[in-house]
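[1] structure for the following, please:
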Amino acid sequence: MGGHKPSRFIPYTPDVEAAVPDFDELLRTVIAKTERYIAESVTAEGSGQAVRDAHAKGYGLVRGEVEILDQLPAEYAQGIYATPGRHDALVRFSNGSPHAGADARLGRATGLALKMFGIQGPTLLEDEPDTGTFDYTLINAPVFFCNTVKHYLFIQELFLDAPKYFAQGAPGRHRFYREFVTGKGSLAEDEWAWDEFLAFLAVSQRPLVNVLLSTYFTMGAVRHGDYIAKVRLAPDPASAAAIVHRAIDLAAADEVFRPALVAEMRDRPYAFDIQVQLCADLNRMPVEDLTVEWPERLSPFVTVARLRLPQQDISDEETLKKMDALSFTPWRVTAEHAPLGEIMRAREEVYRRSSLQRHRLNQQERREPRSADEVSS
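    Next comes the predicted model:
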């Protein structure tokens, strides 16, 4: 019996997260603003429905199956990935904007929210621990443009007002950039949000492609059992090569992302690889700085599962309504996959309160489905 050789990966300990003074007070302010926006969205967004305060516009709900792979290396076979097997899944593709309306107004950030069924063990959500579901909420960029709740307060305001800024052409755009960097004048010059602004530019210049062709990331770090990780969903190369409706032309029509997704899913199946990148160096792969892309040369992404999307017709409006009634949150996970860092921690209560209010205003039952069949048969 030989001893275990030490891992080159950083072990998870609670002290990888920083304590934040005033966190609860700042969070209350974010929640109040979020709830006010959602209440106003019923009339402001023109659909008569309350929308999400981010990823408001959904492009399609797709049924799938996640296969957790067998014989993974021990450091990757952690938490839910320690048990090989198949799980039904639902995927919501969306735009990252807090607004609905024509695609050309909404920008290039797109999202993939994944819900897996039949996952054992309680979730971290105190009000619904025993749902058997497990969510990822991912965006099409490896970085995020906000690290702290203090910054989120002004960034949230800027994003809610973004269409007004950008409707004014170059002067409005420049004012948006200036107010982003200076925190709307609230930051001392040596605290200006340059790193966040550069990350915002990186996200806002993502290529315009069919949502199936993007790679989607957890934004922040998450616990991976005994370790610390970022997770991404990367298109399976053979699936990606087969896509016909590849580029997105925002000038072509008001709706461009959804028709391209509907056309592909009607004609062929698709697959993503679910991949884990373990933290090997807390300085160069920080938990609390989301503007830093973790270098793959320090730790590559390793495939731990496959998400397969069978050929299917997702064109009917009824499915869109069912998609809208679903709730996704990065905290609907087991403890071994807890989100890490200040912004990820803030998302727990923001997402919960946002979902509660949206369902109440839309008179939708807020209940986690027990199976994919309940939502999409």
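[2] for the stretch 251-377 of the chain, give me the ranges with low pLDDT.
    377 (pLDDT under 70).
[3] what segments of it are strands?
    270-278, 302-309 (DSSP state E, counting those that start in this stretch).
[4] deepest of these, which one?
    strand 270-278 (a mean of 23; mean count of other CB atoms under 10 Å). Every residue, glycine included, has its C-beta placed from N, CA and C.
[5] just how off-centre is it within its chain?
    Distance of strand 270-278 from the chain centroid (CA atoms, centre = their mean, to the nearest Å) equals 14 Å.
[6] name every strand pairing with it and say which way it goes.
    strand 227-235 (antiparallel), strand 302-309 (antiparallel) (DSSP bridges).
[7] would you turn those into TSV with distance to Ala202?
    Formatted as TSV, those follow (distance: least, CB to CB, whole Å):
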stretch	distance to Ala202
strand 227-235	15
strand 302-309	24
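[8] residues contacting the nearest residue to Thr319 once chain neighbours are set aside?
    Computed as CB to CB, 6 or more residues apart in numbering, the closest residue to Thr319 that is not its neighbour in sequence is Leu61, at 5.2 Å. Applying CB atoms under 8 Å, 6 or more residues apart in numbering to Leu61 gives the contacts Leu90, Val91, Arg92, Ile314, Thr319, Leu320, Lys322, Met323, Leu326, Val375, Ser376.
[9] make TSV out of the residues you listed and add distance to Pro300.
    Formatted as TSV, those follow (distance: CB to CB, whole Å):
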residue	distance to Pro300
Leu90	29
Val91	25
Arg92	28
Ile314	33
Thr319	37
Leu320	37
Lys322	37
Met323	34
Leu326	33
Val375	35
Ser376	34
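[10] show me which of those are buried.
    Leu90, Val91, Arg92, Ile314, Thr319, Lys322, Met323, Leu326, Val375, Ser376 (16 or more other CB atoms under 10 Å).
[11] identify the bridge partners of the first one.
    This points to Leu90. Arg63, Lys115.
[12] which residues touch it?
    Going by CB under 8 Å, 6+ apart, the list of residues near Leu90 reads Leu61, Val62, Arg63, Gly64, Leu114, Lys115, Leu326, Ala372, Val375, Ser376.
[13] where do the helices sit along this structure?
    Ranges of helices in the chain, per DSSP state H, are 23-44, 149-166, 169-182, 194-204, 237-242, 257-267, 317-325, 342-361, 372-375.
[14] a markdown table for those, including distance to Leu72?
    Converted to a markdown table, the helices of the chain look like this (distance: least, CB to CB, whole Å):
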| stretch | distance to Leu72 |
| --- | --- |
| helix 23-44 | 35 |
| helix 149-166 | 35 |
| helix 169-182 | 41 |
| helix 194-204 | 31 |
| helix 237-242 | 20 |
| helix 257-267 | 29 |
| helix 317-325 | 31 |
| helix 342-361 | 24 |
| helix 372-375 | 25 |
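[15] so which of the ones you listed is nearest Asn283?
    Of all the helices of the chain, the one in closest proximity to Asn283, counting by CB to CB, is helix 194-204 (15.2 Å).
[16] for that closest one, name the packing helices and strands.
    Applying 3 or more CB pairs under 8 Å, 6 or more residues apart in numbering; DSSP states H and E, we find helix 194-204 packed against helix 169-182.
[17] minimum distance to Ala240: which of the strands of the stretch 251-377 of the chain has it?
    strand 270-278 (8.5 Å).
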